[in-house]
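Student: after the sequence you'll find the predicted model.
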Amino acid sequence: MAQDGKKTSPGEFLNQVKSETSKVVWPSREETIRTAIFVFIMMVILSLFFLGVDSVFSALVRWLLSLA
């Protein structure tokens, strides 16, 4: 690498990029779909949780304001 202050030529840079991308372990289609489904399910669960928390706090604030 160019850690000693020398600049890397564009051709050498592209060779390094090609070398590094060949080392990447890409997920399979099945794994990608499974992960996307898991993320969607977690998003729905957390959205419902925060909707509930927000509703409780909203009701609590409305109740406190009605006391005044």
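Tutor: Arrived safely, thanks for sending.
Student: before we move on, which element is the residue positioned nearest the centre of the chain in?
Tutor: Of all residues in the chain, the one closest to the mean position by CA atoms, centre = their mean is Val39, 9.3 Å from it. In this assignment (DSSP states H and E), Val39 forms part of helix 29-67.
Student: what is the mean pLDDT for that helix?
Tutor: Per-residue pLDDT over helix 29-67 has a mean of 98.
Student: can you pull the buried residues of it?
Tutor: By 16 or more other CB atoms under 10 Å, helix 29-67 has no buried positions at all. In this view, the C-beta of every residue, glycine as well, is placed from N, C-alpha and C.
Student: Val17 and Arg29, how far apart?
Tutor: 24 Å (CB to CB, to the nearest Å).
Student: check Gln16 too.
Tutor: Gln16 is 28 Å from Arg29, by CB to CB.
Student: ditto for Trp63
Tutor: In terms of CB to CB, Trp63 sits 51 Å off from Arg29.
Student: how about Met42?
Tutor: 21 Å.
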